[in-house]
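S.K.: sequence unknown, structure follows:
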């Protein structure tokens, strides 16, 4: 008897997964180690930026009223009463007829209401107790970056779930987040199924192939912010298989299997699911490749049963595991983003299900054009490197023609990078 | 006396750096650890893919001549003599009138020259020593993936310098690269200069700011494949400063400093360069922000003197340090890629030098449109998170107008990701 399969849409499958995901645990880690992690709290400005009025240039802090009538041909001379370096807290006041040498970023001293750029003065060096010639008439407030001009205390700067990159690091440092609240990295067990599989270090023998899916999936897990852990191959023996899956679930957040979901292979997986009292969320999806992609829930955990075909395994990860990993790390956009692109060639192969074709989008004469990468047989492993998106070809006998607008899902991998 | 500065173009500055870079050392590391690293050798197919002719479907391997005249209404019956699972090396021959049950990915047995899909037979299960009804006439070679059909031995699959992602991992595993030749990760020392700088954990005091550049730069280094190492602040004392820079150069490949390159601050750096017998490659660039960006060479190593302003520091890294890190890791495209985009607003501020404006490109009605992110003062730290490219506005009084085509340099950071 064939195992019963009731195909559902990709969107429905994604919903069934996300409905059961609660956000992951939160931990506080040192700022320097937070690169690439996802924020578990929104980041708020803890001070004004700048938090004191400062000079944007090297120059002289002066009173604008003292510069009335100044010009290149008629410089007005002021007495230099001090120099303010970056980091100084000036303890003097610029009085009428006085100026203070000031460096870029230094605090504006009392009394001064503008800064004249070094180049517009007749002094080439900062010499205290000397005279500086002012060659330009200044307005009050000119060349001052006022306290809070860039950012006011309390401004919400970064949202929960954002991945920490250079800009986020700069903000966190600026506002004193020496330790950063982030989501714990999800741990993802990876298990291959299939007695045909050799390890990368094994010699090829007739009829067998090396396991590539586990390594490919590990890379996808890392890119999606998880920690991949390889658990080798699933045993054919049902008792051993159940024990292994239980062990993995006790050590990880999710388990990804590849292979063992096709018509003839599913028996061991069904047995595992049954004996673990797993809730089978789906075992058939209206998509190609990978229609037999299956997912079961064991408590708060998931077993993602991806196809054994490399191409289908790749697509299954991007459509179903990535959203789960994103959700666990608080990312609001869980699925891959969508874009429209112009199809560069005919894709008229009829398909009863929506096709997710590994493709490459480029910009040609200002338009976004998408083409499949090489042959799109699901077993073809060598062209995954060339894909920077999945192209969606709707189900039906017509497919899509060159020039049609199609939806593409850009991938976060860059060909040739 | 002002330190002499002779401004050169960005391209010339990049060339001066790259002219002195030799590729980094090579190491062999386990496949599982190679994610994100750059290949030090081109990857060649070490076998055909598939390396034996195989079935793309679940079904029966038969002799096509035996199926002549078969149809749904006139099934032809064949004797099932065996079953071939994935990984099996079939040791029998399919003779006239015989069939073998075969699984997806399994090796085609001798004698058979085609595979009929399971769904086109009258058997629902693989039962040896039984009869199967064939409901379709088959052609020789039909539904066989022939040896080498996907990839022939010796095919060059991945180029030197490619970053290892999911597709590369799959290829490396498939072809038995259990250990992978990659470039050693460059070590990059990061040093702040400026007595105004507090650490992220310090309380703000008047006139001082927290050091954000070191953390921002560390994130950029990681993204470009390097290992960042923070060395705190450069001492004001010349002897201590020289000793510290020497120590860092002995422990790293490159040193990045931020700050200390402006007119009034450069003295300590010049002193360090002089006493280390460094070759000053440039100390002024025809660009905004960050025109005072400087780079010196000490033997095979570089000291990148980036601006202390966060925005200028960010741009300086992307234009000068990134290419050096890429070159050291064998990446052929060392600089950021270039694209054309339509300017979304007027950018008419005159500038004597080309401006590199932190910007965001989006797709609007099929066109690539670029706009600057927020105020583009170089001191503005909070909008770096929103930038996904640098927009190049040519030097001159006119700037660029809304609708003009401008060159953008897409950044490998995704806003809101």
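M.R.: Structure received. Every value quoted in this text rests on a predicted model; they were computed, and no experiment measured them.

S.K.: what about chain A, any weak spots by pLDDT?
M.R.: Applying pLDDT under 70 to chain A flags the ranges A:1-3, A:123-129, A:262-267, A:375-379, A:415-417.

S.K.: give me the residue at the spatial middle of it.
M.R.: In chain A, the centroid-proximal residue (Cα atoms, centre = their mean) is residue A:163; its distance is 4.9 Å.

S.K.: OK, contacts around that one?
M.R.: Residues near residue A:163 by Cβ atoms under 8 Å, 6 or more residues apart in numbering or on different chains: A:36-38, A:225, A:331, B:414, B:417. Glycine gets a C-beta too; all of them are placed from N, C-alpha and C.

S.K.: residues in contact with the closest residue to chain B within the stretch 151-300 of chain A?
M.R.: Residue of the stretch 151-300 of chain A nearest chain B, by Cβ to the nearest Cβ: residue A:196 (2.9 Å). By Cβ under 8 Å, 6+ apart, the contact set of residue A:196 is A:207-209, B:85-88, B:105-106.

S.K.: could you rerun that using 7 Å?
M.R.: Residue A:196 makes contact with A:207-209, B:86-87, B:105, according to Cβ atoms under 7 Å, 6 or more residues apart in numbering or on different chains.

S.K.: what of residue A:332?
M.R.: residue A:161.

S.K.: that one should be in a strand, yeah?
M.R.: No - using DSSP: H, G, I helix; E, B strand; the rest coil, the assignment for residue A:332 is coil, not a strand.

S.K.: mind listing the helices for chain A?
M.R.: Counting by DSSP state H, chain A has these helices, from start to end: A:10-18, A:166-174, A:213-223, A:238-251, A:266-275, A:310-316, A:322-328.

S.K.: got CSV for the ones you listed, with mean neighbour count too?
M.R.: Converted to CSV, these look like this (neighbours: other Cβ atoms under 10 Å in any protein chain shown):
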stretch, mean neighbour count
helix A:10-18, 17
helix A:166-174, 27
helix A:213-223, 26
helix A:238-251, 16
helix A:266-275, 18
helix A:310-316, 28
helix A:322-328, 24
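
S.K.: got JSON lines for these, with distance to residue A:293 too?
M.R.: Shown next, in JSON lines, are those (distance: least, Cβ to Cβ, whole Å):
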{"stretch": "helix A:10-18", "distance to residue A:293": "8"}
{"stretch": "helix A:166-174", "distance to residue A:293": "34"}
{"stretch": "helix A:213-223", "distance to residue A:293": "13"}
{"stretch": "helix A:238-251", "distance to residue A:293": "18"}
{"stretch": "helix A:266-275", "distance to residue A:293": "12"}
{"stretch": "helix A:310-316", "distance to residue A:293": "4"}
{"stretch": "helix A:322-328", "distance to residue A:293": "13"}
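
S.K.: and of the ones you listed, who's closest to residue B:285?
M.R.: helix A:166-174 (20.4 Å; Cβ to Cβ).

S.K.: who wins on neighbours among the contacts of residue A:163?
M.R.: residue A:331 (24 neighbours; other Cβ atoms under 10 Å in any protein chain shown).

S.K.: distance of the nearest residue to that one once chain neighbours are set aside relative to residue A:39?
M.R.: In space, and not counting its chain neighbours, residue A:331 is closest to residue A:161: 4.3 Å by Cβ to Cβ, 6 or more residues apart in numbering or on different chains. With distances taken as Cβ to Cβ, to the nearest Å, residue A:161 is found 7 Å from residue A:39.
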